[in-house]
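Chemist: no sequence on this one, just coordinates:
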């Protein structure tokens, strides 16, 4: 069925990436407040590029069922937890950190599984700052920390400058 493949392999991944990138750009105000046109253009480019590369499109299509499983598991957890706690669902900070940790670990495991990173790690040697996947993972983690730090500092700096 050509229509179903077009929808699930091209249109829905494009829409997902477009909406996520646009939402991140709008929320972070990376290009300034009121620059929605720039955010739309960048989101369109990233969306089109992500579906035009076959590997990235396949990864997105493979991740979506896992997203459904993860969201269903969280929903069941929240329903059962709300029966016990009631209205005081997320008042405890430890519960928020626990949920973020569980979602983070689940996401990393699923991404490593879908992309085949587990097999790559097990097949490589474990040299630090040499060639191999651990070096790439190390630099990706540093990049994520830098992006987080920039996002956090730009959020607190923009409110004080007005």
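Modeler: Received, thanks. As the structure is a computational prediction, the values presented were derived from the model and not from experiment.
Chemist: now stretch 48-58: how far from the chain's centre is it?
Modeler: Here the centre of stretch 48-58 is set off from its chain's centre by 16 Å, with CA atoms, centre = their mean, to the nearest Å.
Chemist: So which bits of it are buried?
Modeler: Buried residues in stretch 48-58, counted by 16 or more other CB atoms under 10 Å: 50, 51, 57. (Each C-beta comes from the backbone N, C-alpha and C, glycine too.)
Chemist: Among those, which one lies nearest to residue 39?
Modeler: residue 50 (16.1 Å; CB to CB).
Chemist: how much space is there between that closest one and residue 33?
Modeler: 26 Å (CB to CB, to the nearest Å).
Chemist: cool, residue 139 as well?
Modeler: Residue 139 sits 32 Å away from residue 33, going by CB to CB.
Chemist: Ok, residue 103 next?
Modeler: 29 Å.
Chemist: can you check residue 14 too?
Modeler: 27 Å.
Chemist: who's more crowded, the two?
Modeler: residue 14 (20 against 9; other CB atoms under 10 Å).
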